[in-house]
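>>> sequence and predicted structure, then a few things I'm wondering about:
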Amino acid sequence: MIFAMPENSLLTVDQLATRVAISVRTVRFYAGRGLIPPPVRRGRIGYYGPDHVARLELVRELQAHGFTLTAIERYMERIPDGASPQDIALHRTLLAPWMPDLPETVSRTELVQRSGRQLSDDDMAFLETMGVVKSTDKPEQYRLAPAHLATAVEFLEVGVPHEAVLASQRVFTEHGHAIAEELTAVFRTMVWPHLRETGESPERIQKMVERFKPLTVQALVIAYEKAVNQTKRNAVEQRSTTPA
């Protein structure tokens, strides 16, 4: 569905390709795969509107997040044909990662420098198990998740047994997935409809989401701290009521 709009807002395929920084051949390939709807015809020339631009920008965003073409097709199929450019832009806004952590390729020497300490083979194995680094095909070259490095190095400095740290990570991962799924359901059923009804611009929504992210993390930390304190109180009370 193409929304009614001024003629000067429509684009030829060449203009569309320039607008989204891809080749005309790629535009036509995506059209053939059903990732964008057919153009509006004016005689023998096809024209594209803002919804085409929004869909192609969303495809590029999905690619940047590592989605395969098949996965992108499945994702795009769930977007209604009549979705407005604002609706599509909202999808793109919500794809922004919670932590800007694009992987980097670093040498072991660079990794040591950024860690601020020597890294033994056991330390490297620990970092790899934690998902902070990943070996590559090249010797002494690693893919690094930079946002996670400082925390992992602190665990090394504290001297907690690696097995205990990894066991803790499994707990956080398991419950983290459950929390993410439940909060996603809350967002989908309560927040998303509200955003659509208010007609907020994608820019305004992006700012709101960016503020919402750290607040959610802070709320999770507070809930965890309260739970730990309650667990300690329960343990003390249990010991005080247990006969010696």
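It's in. In this text the structure is predicted, and so the values were computed from the model without any measurement.

>>> next one: the helix ranked longest in the chain to chain centre, how far?
Counting by DSSP state H, the longest helix found in the chain is helix 202-241. Relative to its chain's centre, helix 202-241 lies at 21 Å (C-alpha atoms, centre = their mean, to the nearest Å).

>>> which strands and helices lie in contact with it?
When contacts are defined as 3 or more C-beta pairs under 8 Å, 6 or more residues apart in numbering; DSSP states H and E, helix 202-241 packs onto helix 85-94. C-beta here means a position set from N, CA and C on the backbone, and glycine is covered the same way.

>>> and the average pLDDT for the helix it packs on is what?
Per-residue pLDDT over helix 85-94 has a mean of 77.

>>> repeat for stretch 30-49
pLDDT averaged over stretch 30-49 gives 91.

>>> stretch 149-161 now?
Mean pLDDT, computed over stretch 149-161, is 90.

>>> got the buried residues for stretch 51-60?
Going by neighbour count (16 or more other C-beta atoms under 10 Å), the buried part of stretch 51-60 is 51-59.

>>> same check on stretch 72-91?
72-73, 75-76, 79, 83-91.

>>> can you pick out the most distant pair from those?
The two members of those with the most space between them (C-beta to C-beta) are E73 and Q86, at 22.5 Å.

>>> returning to that earlier point: just the angle between the longest helix of the chain and helix 85-94, please?
40 degrees (axes from the mean of the first three to the mean of the last three C-alpha atoms, to 10 degrees).

>>> check contacts around G199.
G199 is in contact with Q86, counting by C-beta atoms under 8 Å, 6 or more residues apart in numbering.

>>> begin at 23 from now on, thanks
Yep, numbering from 23; the last one is G221 now.

>>> distance of it from G104?
Distance of G221 to G104, given as C-beta to C-beta, to the nearest Å: 16 Å.
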